[in-house]
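A.B. asks: below is the sequence, then the predicted model.
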Amino acid sequence: VARKAAKYKVPVILLADVPGTGFRGQVVKVKPGHARNYLLPKKYAILGGFHNEQKYRHLLENVDEKAVEQDKLVRSLRRRVRRINLQMKRHCVKEHPTTLHAPVSAENISEKLTKFYDLSIPSDWIVIPGGQLTNYGNFLVTVRVPPNETLDLKVSVTRR
């Protein structure tokens, strides 16, 4: 009886930073095919285990924990922000039915993300083209996560 590959993972020690997998010196568990077909042939990793961990101990001691935590934060935000379609409801000006009575600002978006999605994103990370959303419609707003990541947030402005 063959083992299911989806549940079985092998430990590897990364010799280089691999996007989506980990950082140099980190011990991570990956699917056997990923290790066999990508990481090991390109010399991005070696198989984990007691002897290799002893041999490459200097790499394991130099793992930048701050960078690992930042990477986890960015991955988590990316996964959560991708699923959100933020609905902002606004009244219109009577003379101009397509113009909003109160424009949508970065502070409004930050407050709504905190209140309804439990996402604490500072308003200075949110970049709106033109500074504010002043019309009805669907918009892509950029969220800049330090140090240099950008995420796209979908915002729909509808009538109240």
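C.D. replies: Sure thing, it's come through.
A.B. asks: pLDDT score for His51?
C.D. replies: pLDDT for His51: 86.
A.B. asks: give the burial count for it, as a bare number.
C.D. replies: Residues lying near His51 (other CB atoms under 10 Å) number 9. Using the backbone N, CA and C atoms, a C-beta is placed for each residue, glycine as well.
A.B. asks: how much space separates it from Leu59?
C.D. replies: From His51 across to Leu59, the span is 14 Å (CB to CB, to the nearest Å).
A.B. asks: repeat for Arg78
C.D. replies: 27 Å.
A.B. asks: run the chain-centre distance for the longest strand seen in the chain.
C.D. replies: Assignment by DSSP state E gives strand 149-159 as the longest strand of the chain. Mean-position distance between strand 149-159 and its chain equals 15 Å (CA atoms, centre = their mean, to the nearest Å).
A.B. asks: does anything pack onto that strand? Which helices or strands?
C.D. replies: Packed against strand 149-159 by the contact rule (3 or more CB pairs under 8 Å, 6 or more residues apart in numbering; DSSP states H and E) you find helix 65-83, strand 85-90, strand 99-104, strand 133-135, strand 137-145.
A.B. asks: next, Glu107: secondary structure please.
C.D. replies: Counting by DSSP: H, G, I helix; E, B strand; the rest coil, the backbone at Glu107 sits in helix.
A.B. asks: what's near enough to touch the closest residue to it other than its chain neighbours?
C.D. replies: When the adjacent residues along the chain are set aside, Glu107 lies closest to Ser123, with 4.6 Å between them (CB to CB, 6 or more residues apart in numbering). Contact partners of Ser123, counting by CB atoms under 8 Å, 6 or more residues apart in numbering, are 105-107, 109-110.
A.B. asks: can you check Leu39 too?
C.D. replies: For Leu39, the contacting residues are 12, 14, 18, 21, 30, 45, by CB under 8 Å, 6+ apart.
A.B. asks: give me the most central residue, the chain.
C.D. replies: Residue closest to the mean C-alpha point of the chain, counted by CA atoms, centre = their mean, is Arg78 at 2.5 Å.
A.B. asks: ok, that one touching Leu153?
C.D. replies: No. Look at Arg78 against Leu153 with CB atoms under 8 Å: they stay out of range, at 10.8 Å.
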